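J.: Build me a model:
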Amino acid sequence: MTYALSFLAGLGALTLSLLAALGRITLFTLETISHFFRPPFYFKEFGHAVLNIGYFSLPVVGLTTIFTGGALALQIYAGGARFNAEAVVPQIVAIGIVRELGPVLVGLMIAARVTSSIAAEIATMKVTEQIDALVTLSTNPMKYLTAPRVLAALIVVPFLVAVGDIIGIMGGWLLATQTLDFNSATYLRNTADFLEASDIVSSLVKGSVFGGIAALMGCYFGMNSGRGAQGVGRATKGSVEAAAVLILAANFVLTGIFFAS
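T.: Okay, the predicted model is just below:
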């Protein structure tokens, strides 16, 4: 009986802790969004965030998606060969990349690269009391540090997803035409004919949501980091873990919204 009560008490404490964390993140999100529409606007910080999140992420996004597209084409061909259905490779690669793998892989790469960077940067600013200095200078840290980064991610990551989708499909096309003896024109035509506007829209919407989550988690954990080097390390690790889990959960929800019927 004692063990059962201890287990229930631990479970209750964990549940309350998760709900409290969810409440804090929700309030942080709402405050961040409110700063999108209220002056002053820090365009220089926004421009730096666009470059860091968008332009400098292109190499890792391109390499990740091109290899994934090629591997996906090879796996589909090998599986389809068991049922004499090798011809479906271009259609399945296209829908797999655009609907799921493209946005999810880009979101996770952004979480690994950008979320960790934002969390470490802001946490270091907190440890070195630079955030306190901003407050002393009558500058709102949320408006100066958080809002530009989250807004930049919401806008830029869909473009990264679009680029990743194209490169991923091209990776499948390259492997199929060079290794599996597919006709290039037929492959591209089947890809274009199979994709629908809803597939592309869902991919871009997912990109925006995933980008917002990644930047938001970096800012949240950075702003709430502990003191010292250990605090910076825990904030960086926690931000990436939270961003990755929330991106996968959001992908499940958005997939159900777009394709449940």
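J.: Going by C-alpha atoms from here, please, whenever you check contacts or count neighbours.
T.: Fine.
J.: burial of Leu58, as a residue count?
T.: By the criterion of other CA atoms under 10 Å, Leu58 has 17 neighbours.
J.: ok, for it, nearest residue in space, not its chain neighbours?
T.: Take Leu58 and drop its neighbours on the chain: the residue closest to it by CA to CA, 6 or more residues apart in numbering is Leu160, 7.0 Å away.
J.: How many neighbouring residues does the nearest residue in space to Phe182 that is not next to it in sequence have?
T.: Take Phe182 and drop its neighbours on the chain: the residue closest to it by CA to CA, 6+ apart is Ala176, 5.5 Å away. Counted by other CA under 10 Å, the residues lying close to Ala176 total 21.
J.: does Ala176 sit in a helix or strand, and which one?
T.: Assigned by DSSP states H and E, Ala176 belongs to helix 147-178.
J.: just checking, next helix/strand downstream of that helix?
T.: helix 184-194.
J.: buried sites along that following helix?
T.: Neighbour counts over helix 184-194 (16 or more other CA atoms under 10 Å) mark 187-188, 190-191 as buried.
J.: from the residues you listed, which single one is nearest Leu134?
T.: Within the buried residues of helix 184-194, proximity to Leu134 (CA to CA) peaks at Thr191, which comes in at 51.7 Å.
J.: surely the closest one meets Ile97?
T.: No - using CA atoms under 8 Å as the test, Thr191 is too far from Ile97 to be in contact (11.2 Å).
J.: coming back round to it: the residue nearest to Phe182 reaches Leu72, doesn't it?
T.: No - with contact defined as CA under 8 Å, Ala176 does not reach Leu72; the gap is 10.3 Å.
J.: Now Thr64: which helix or strand?
T.: For Thr64, the host element (DSSP H and E) is helix 58-80.
J.: which secondary structure elements does that helix contact?
T.: Here helix 58-80 touches helix 89-96, helix 102-110, helix 147-178, going by 3 or more CA pairs under 8 Å, 6 or more residues apart in numbering; DSSP states H and E.
J.: most neighbours per residue, which of those helices?
T.: helix 102-110 (a mean of 26; mean count of other CA atoms under 10 Å).
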